[in-house]
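Asks: Generate a structure from the sequence data that follows.
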Amino acid sequence: MTTTMIEICVSDADVLVNLSLTGHLELMGKVFDKVLIPDKVLREAQKKIATRGKGMSLRDAQLERWLQVINIDTASDLTIDELNSIKIFCESYDCFLGPGELKAAALANEKNINWLVSDDKEAKKYIEEFTDINCISLFEIISLCCIVNILNLEEGKLIFDEINAIRRPTKLTFEEIVKRTKKKFTQLGLI
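Replies: From the prediction side, this is the model:
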């Protein structure tokens, strides 16, 4: 039996980086049973985090087995047919998506994984419009943690403020994001 809200997702680097830099990476493992990332995303995240990560590391998450790195360029983790389908997806969308989002979306699409974690608004727009993949943002993950009592609202707001301090801040309040997240996930039948 799962104790998380969503069984599986694929993640881009940005959310992993921001959670790691603020010491809250473990929240991903509380919302998702398994988080898959292309090896390109792992390298991008490691480069951005470098020695500045706090708390759980990406390696710790792999050891806990909720974070799994998939090599999408060779047949070590995927079949030849899957690799060919991913290549076609990447060729079709490379003018719309950055390299990390492209590889993550291609993996999600090929594996029929319904959830992609990303904070890239432009990428999310294209992915949701042209595929069957739903996108979830960092602040939606934090909101879900509050909605299902993994965090209380005060803890969620503190994490929201920490993340806003290290990146371009959102114009929305945390309360507005929680309200929107609750509506979205209620409509999807997940809460």
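
Asks: residue with max distance from the center of the protein?
Replies: residue 80 (25.7 Å; C-alpha atoms, centre = their mean).

Asks: For the helix or strand bottoming out on mean pLDDT in the chain, which helices and strands make contact with it?
Replies: Comparing every helix and strand of the chain by mean pLDDT, DSSP states H and E singles out helix 121-130 as the least confident one, with a mean of 91. Applying 3 or more C-beta pairs under 8 Å, 6 or more residues apart in numbering; DSSP states H and E, we find helix 121-130 packed against helix 99-110, strand 134-136. C-beta: built from backbone N, CA, C; applies to glycine.

Asks: by how many degrees do that helix and helix 99-110 diverge?
Replies: 20 degrees (axes from the mean of the first three to the mean of the last three C-alpha atoms, to 10 degrees).

Asks: which residues touch helix 121-130?
Replies: Counting by C-beta atoms under 8 Å, 6 or more residues apart in numbering, the neighbours of helix 121-130 from elsewhere in the structure are 12, 93, 96-98, 101, 105, 116, 118, 133-135, 137.

Asks: Considering those, which is situated nearest to residue 5?
Replies: Ranking those by separation from residue 5, with C-beta to C-beta as the measure, puts residue 134 on top at 12.8 Å.

Asks: quick one, what contacts the closest one?
Replies: Contacts for residue 134 were tallied using C-beta under 8 Å, 6+ apart; they are 114, 115, 116, 128, 188.

Asks: need the strands for the protein, in chain order.
Replies: Under the criterion DSSP state E, the chain carries strands at the ranges 6-11, 32-38, 67-70, 115-117, 134-136.

Asks: Mean pLDDT and distance to residue 155 added to the ones you listed, as JSON lines?
Replies: Formatted as JSON lines, the entries for the strands of the chain read as follows, by pLDDT from 0 to 100; distance: least, C-beta to C-beta, whole Å:
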{"stretch": "strand 6-11", "mean pLDDT": "93", "distance to residue 155": "20"}
{"stretch": "strand 32-38", "mean pLDDT": "95", "distance to residue 155": "19"}
{"stretch": "strand 67-70", "mean pLDDT": "95", "distance to residue 155": "22"}
{"stretch": "strand 115-117", "mean pLDDT": "96", "distance to residue 155": "20"}
{"stretch": "strand 134-136", "mean pLDDT": "95", "distance to residue 155": "19"}
